[in-house]
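Colleague: Return atomic coordinates for the entry below.
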Amino acid sequence: MGKNLAERINLMRASVMGANDGILSVAGIVIGVAGAGTSNAAILLAGLSGMLAGTVSMAMGEYVSVNSQRDSERNALIKESAALDNDYAGEFAYIQQQYEATGIPAALAAQATREMLAHDAINVATRERYGFDPHEQTSAIGAAIASMIAFPTGSILPLVAITLFPARIKLLATVIAVACALAITGYSAAALGNANRRRAVGRNVVSGLLTMAVTYLIGTLVA
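Modeller: Numbers count the residues shown, from 1 in each chain. All right, here's what the predicted structure looks like:
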C-alpha cells in the first residue's frame, strides 16, 4: 500500500506541476504575442507551438529526473549493502543513535535496531542513513505520461481565453483566468507537499502575473 501511495503522490505531483507550467508558459507566450498586436491566427499558432514544445520538454524532463533519482537510490543501496557487510557494528550503532535522537531510551533503541535489522537489514539501514524507503519506487514513465497529459491540459486555458474573448477584453480576461488557474495549481502543489497554502498560492499567482507583464512589455517593444 505504501508503494502505491507513493506512486500516486508522484503522479499527482507531476500532473500538478505539468499543468502549472502549461498555464504559465503558454500564457506568457500568447500574452507576449498579443502585446505585439498580431492577429488571432498568429497568437493561436504561437500558443500551439509553445504547447507542443512544452509538452515534449516536460515529459522528457520528468523521465530524466525520476531516472536520475532512481540511479542515486540504487547507488545508495549498493553502498549501504557494502557497509553492512564490512562494518555491521558501525551501521548498527548509527541506526541506534538515530532512534535515540528521537527520544527513545538507549536500551529500547538498541532492541528496536536489532529487531529492525533482523527483519529487513538493507532497506532499514538505507532508509535511516539516506532518508528514503527503497520499497517506494516511482515510475519514470508514469511521471512522464502524467506530465505529457497535464501540460497541454493546462495550456488550453490561456490559449482559449486569448483567442475566443472579444478583442477589447481578451487580455484582461486571459490574465484573470490564468491567475485563477495558478491559484488552484499553487494550492494543490502546497497540499501535496504539506506546505503553506496561502504562501504557495500568492507566490504562484505573483510569478504568473510578472511573467505575463514582462512578456507583454517585450511584445509591445518589438511590435
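Colleague: Distance of residue 37 relative to residue 151?
Modeller: Going from residue 37 to residue 151 by Cβ to Cβ, to the nearest Å gives 28 Å. The way it works is simple: take the backbone N, C-alpha and C, and place the C-beta from them, glycine included.
Colleague: ugh, wrong one, I meant residue 75
Modeller: Residue 75 sits 30 Å away from residue 151, taking Cβ to Cβ as the criterion.
Colleague: follow-up on the earlier one: same drill for residue 37 and residue 151, tell me which one is more crowded.
Modeller: Neighbours per residue (other Cβ atoms under 10 Å) separate residue 37 from residue 151, with residue 151 holding more: 30 against 10.
Colleague: What strand or helix carries the more buried one?
Modeller: Element membership for residue 151, per DSSP states H and E: helix 140-164.
Colleague: just checking, what packs against the helix or strand immediately after that helix in the chain?
Modeller: Going down the chain from helix 140-164, the next helix or strand is helix 170-193, by DSSP H and E. Contact partners of helix 170-193 among helices and strands, from 3 or more Cβ pairs under 8 Å, 6 or more residues apart in numbering; DSSP states H and E: helix 2-35, helix 140-164, helix 197-222.
Colleague: Serialize the ones you listed to TSV and add fields for mean pLDDT.
Modeller: Output for the helices and strands packed on helix 170-193, formatted as TSV (pLDDT from 0 to 100):
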stretch	mean pLDDT
helix 2-35	83
helix 140-164	91
helix 197-222	90
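Colleague: could you check the distance from the residue of the chain positioned farthest from its centre over to residue 114?
Modeller: Within the chain, residue 107 marks the point farthest from the mean C-alpha position, 41.2 Å out by Cα atoms, centre = their mean. In this structure, residue 107 and residue 114 are separated by 11 Å, where distance is defined by Cβ to Cβ.
Colleague: One more: residue 178?
Modeller: Counting by Cβ to Cβ, the gap from residue 178 to residue 114 is 56 Å.
Colleague: Those two: who's more crowded?
Modeller: Remark: of residue 178 and residue 114, residue 178 carries more neighbours, 27 against 13, as counted by other Cβ under 10 Å.
Colleague: List the contacts of the more buried one.
Modeller: Each residue near residue 178 by Cβ atoms under 8 Å, 6 or more residues apart in numbering is listed here: 23-24, 27, 157-158, 161, 208, 212.
Colleague: Report the buried residues of stretch 32-46.
Modeller: By neighbour count with 16 or more other Cβ atoms under 10 Å, stretch 32-46 contains the buried residues 32-36, 43-44, 46.
Colleague: Helix, strand, or coil at the residue farthest from the centre of the chain?
Modeller: helix (DSSP: H, G, I helix; E, B strand; the rest coil).
Colleague: Perfect, that will be all.
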